[in-house]
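Trainee: A structural model of the following input is requested.
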Amino acid sequence: MVAIGDTLKPSIRKETVSARFLPGDNLKFEDGLPAKSKAHKDPAVLWSRVDFLPIIELKGPVPQKLKKAMLAAQSGERPAPIDLAKRTSEEAERDAQTAKVTAVEIIARNNRPVILETGSLGRPIKMLSECTRHQLKGWGVNPEIEAKIVRPAWAPGPQRWFTADDFPLAMLIRIRSRWSKRACWSMPAARSPNAPA
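Mentor: Below you'll find the predicted structure:
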C-alpha cells in the first residue's frame, strides 16, 4: 500500500510509519517506509505488506505448538500440509473484515494521525483479487488448481543458493546495495506430485 501527500511527512526521528484500518484496533501494520513520490517529490509512505486479519499479540510464553513450528522452519523441515478448511475460513473472515473497513489511520508524526476515509474496501479488494487471478492465468497457472494444492513446491534454504562468489566482483561493486536475489518457479500441475487428482 502506498500513500502520498504533504501531511505524511514523517517526524525526523521516525524510521518507520505505522497505520491501521478503521474501525478496529488490531488491523495495524507498523513497517511503513518513508519515501518521496517520483514525479513531484511529495512525502509518501510504502507498506510492503498489509493484511485484513486481526493481529494476535502474544502475552506470556510462546505456545508449544507455535514454538515447534518455528523450530521446524529454522531447521529446514518441510512445512505441514495446508489446512484447506482453515484457509477457506480465514478468507471468509478477511472478506467480512474488508467490507467493514472504511478508513485508514496513518501515524507519520507523533500524536498527529492522518485519517483517509476510503469507504468500504470490500469491493476494491475483491477486484484486486480478481486481478491477481487473471495475472496468474497469464503466467499459465490455473488458480482453481492452485487453490486445491495442500503441499506446494518447497525448497529449503534458498538463501544459500547464491553467494557473492557467483557474480563478477565488478558487477557487485556497481550495483552495491541494490542487489537482490529472486527466484520464481512455475510448475505445470500435471507434473506436480502434489496436484489434486
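Trainee: distance check, the closest residue to residue 146 other than its chain neighbours against residue 28.
Mentor: Spatially, and ignoring its direct neighbours in sequence, residue 146 is nearest to residue 136 (7.0 Å; CB to CB, 6 or more residues apart in numbering). C-beta coordinates here come from the backbone N, C-alpha and C atoms, glycine included. Distance, residue 136 to residue 28, by CB to CB, to the nearest Å: 29 Å.
Trainee: contacts only, for the spatially most central residue of the chain.
Mentor: Geometric centre of the chain, nearest residue: residue 49, 3.5 Å, by CA atoms, centre = their mean. Neighbouring residues of residue 49 by CB atoms under 8 Å, 6 or more residues apart in numbering: 29, 31.
Trainee: apply 10 Å and report the result again.
Mentor: 1, 29, 31 (CB atoms under 10 Å, 6 or more residues apart in numbering).
Trainee: from those residues, pick the one nearest residue 145.
Mentor: Each of the contacts of residue 49 was checked against residue 145 using CB to CB; the closest is residue 1, at 29.2 Å.
Trainee: what about residue 44, neighbour count?
Mentor: Neighbourhood size, residue 44 [other CB atoms under 10 Å]: 20.
Trainee: meant to ask about residue 27, not that
Mentor: Residue 27, neighbours per other CB under 10 Å, totals 22.
Trainee: same thing with residue 43?
Mentor: Around residue 43 there are 17 residues (other CB under 10 Å).
Trainee: next: residue 8.
Mentor: 20.
Trainee: that one contacts residue 47, doesn't it?
Mentor: No. Shown here, residue 8 and residue 47 do not form a contact pair, counting by CB atoms under 10 Å, at 12.0 Å.
Trainee: anything in contact with each of these two?
Mentor: With CB under 10 Å, 6+ apart as the test, residue 8 and residue 47 both reach 17, 32, 106.
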